[in-house]
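quick one, fold the following:
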Amino acid sequence: MKIEFKINKYYLVSHTIASKIKPFSAWEKLEDKLWGKYKNEPAYYFLNTKHINWTIEQIRWEFLNKRIEKTFQETSFRLEKIYKDIFKTKEFKKLYKETEEYLKFVKNEWDKNQKEVLNFISKISGIKISNKKVTVFITHPKLHNGRALTGKNIILWGHPEDWENYNTVYLCHELMHLLTWNCQKNPFLMHTIVELFTDNELRIKLNGSGKYFKENGFEIGHHELRKLSKKLLPYWKKYLKEKTHKNIFEFEKFLIKKRVVYPPSLPVNRPVPAH
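Coordinates of the predicted model:
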């Protein structure tokens, strides 16, 4: 499997504007300027979604007077102009430079660990790692980004290195979402298994020590999955030790049959939460 790291400047801008956390104080001042300049421009709210409902109503109204295709072409043209204005700013150049530096850090860490972690994933999950390419779009590390675009082989990533090998562990977490999304029976349950697998077992293996659910003073895993994670832990430990099932999907089916999962079902197309 080939992992490619990239920066998409359009996504970098839109993600940064949409984030509650900001990378540095000057960026907040830039957003204030953008608000003053574009607050009456519907296209701007595809970046800043604060008043997106107003934008949608504006576009719907234009549908009555113009062809739909023309309306979207005009909105797209105006949005492109806003992006280009942002790209010219010193704040964007600083954002891009810091993100480039972070990309190098993440790539170096991944290159160091890649062979070990992919072998570990294949061995423990029972999933054959294919030769397909996965693209990781990097965002600024202060913004706590982590998401898999299932079906597209894309990972969106940017997070502080809270503890050793943090980026590697959570890239593997997102990679597991890409590898399991079209075969899982229950997204809530599979997400919990992925946390036990990557956030915990892989982290401990890579770092040579540690314990489940805690690392360097941080709580490990999503709060909403914690109760189920602890309930699954004895079954998971047995799976690791005795290889009770040939792969992670058989393990999931077993847990469903044992009725250890709560809630019992969620829509298959439920968005995958950030790592």
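
and residue 143, how far from residue 8?
14 Å (C-beta to C-beta, to the nearest Å). For the C-beta atoms, the positions are set from N, CA and C on the backbone; glycine is no exception.

no wait, residue 31
Distance of residue 31 to residue 8, computed by C-beta to C-beta: 20 Å.

ok, now residue 94?
In terms of C-beta to C-beta, residue 94 sits 18 Å off from residue 8.

after the helix ranked longest in the chain comes which helix or strand?
If you go by DSSP state H, the chain has its longest helix at helix 90-125. Downstream of helix 90-125, the first helix or strand assigned by DSSP states H and E is strand 133-138.

list the contacts of stretch 159-173.
3, 105-106, 109-110, 113, 117, 121, 136, 141-146, 155, 157, 194-195, 198-199, 202-203, 206-207, 215-216, 218, 275 (C-beta atoms under 8 Å, 6 or more residues apart in numbering).

how much space separates the nearest residue to residue 98 once chain neighbours are set aside from residue 134?
With C-beta to C-beta, 6 or more residues apart in numbering as the criterion, residue 98 has its nearest non-adjacent residue at 6.1 Å, and that residue is residue 140. Residue 140 sits 21 Å away from residue 134, taking C-beta to C-beta as the criterion.

do the same with residue 95
Residue 95 is 24 Å from residue 134, by C-beta to C-beta.

for the chain, which residues score under the pLDDT cut-off?
Residue ranges of the chain with pLDDT under 70: 61-67, 71, 261-275.

any chance you could map the strands in it?
2-6, 133-138, 145-149, 154-158, 214-215, 218-219 (DSSP state E).

can I get these in CSV with mean neighbour count and distance to residue 79?
Shown next, in CSV, are the strands of the chain (neighbours: other C-beta atoms under 10 Å; distance: least, C-beta to C-beta, whole Å):
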stretch, mean neighbour count, distance to residue 79
strand 2-6, 13, 21
strand 133-138, 19, 19
strand 145-149, 21, 21
strand 154-158, 23, 20
strand 214-215, 16, 41
strand 218-219, 10, 38
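
could you say which one of those strands comes nearest to residue 19?
Of all those, strand 145-149 sits nearest to residue 19, with 7.6 Å by C-beta to C-beta.

parallel or antiparallel, list what pairs with that closest one.
strand 154-158 (antiparallel) (DSSP bridges).

list the buried residues of the longest helix of the chain.
Within helix 90-125, the residues scored as buried using 16 or more other C-beta atoms under 10 Å are 91-92, 94-96, 99, 102-103, 106-107, 109-110, 113-114, 117, 120-121, 124-125.

ok, stretch 175-187 next?
Neighbour-count burial for stretch 175-187 [16+ other C-beta under 10 Å]: 175, 176, 177, 178, 179, 180, 181, 184, 186, 187.

which elements pack onto the longest helix of the chain?
The helices and strands touching helix 90-125, judged by 3 or more C-beta pairs under 8 Å, 6 or more residues apart in numbering; DSSP states H and E, are strand 2-6, helix 9-18, helix 25-38, strand 133-138, strand 154-158, helix 166-180, helix 203-207.
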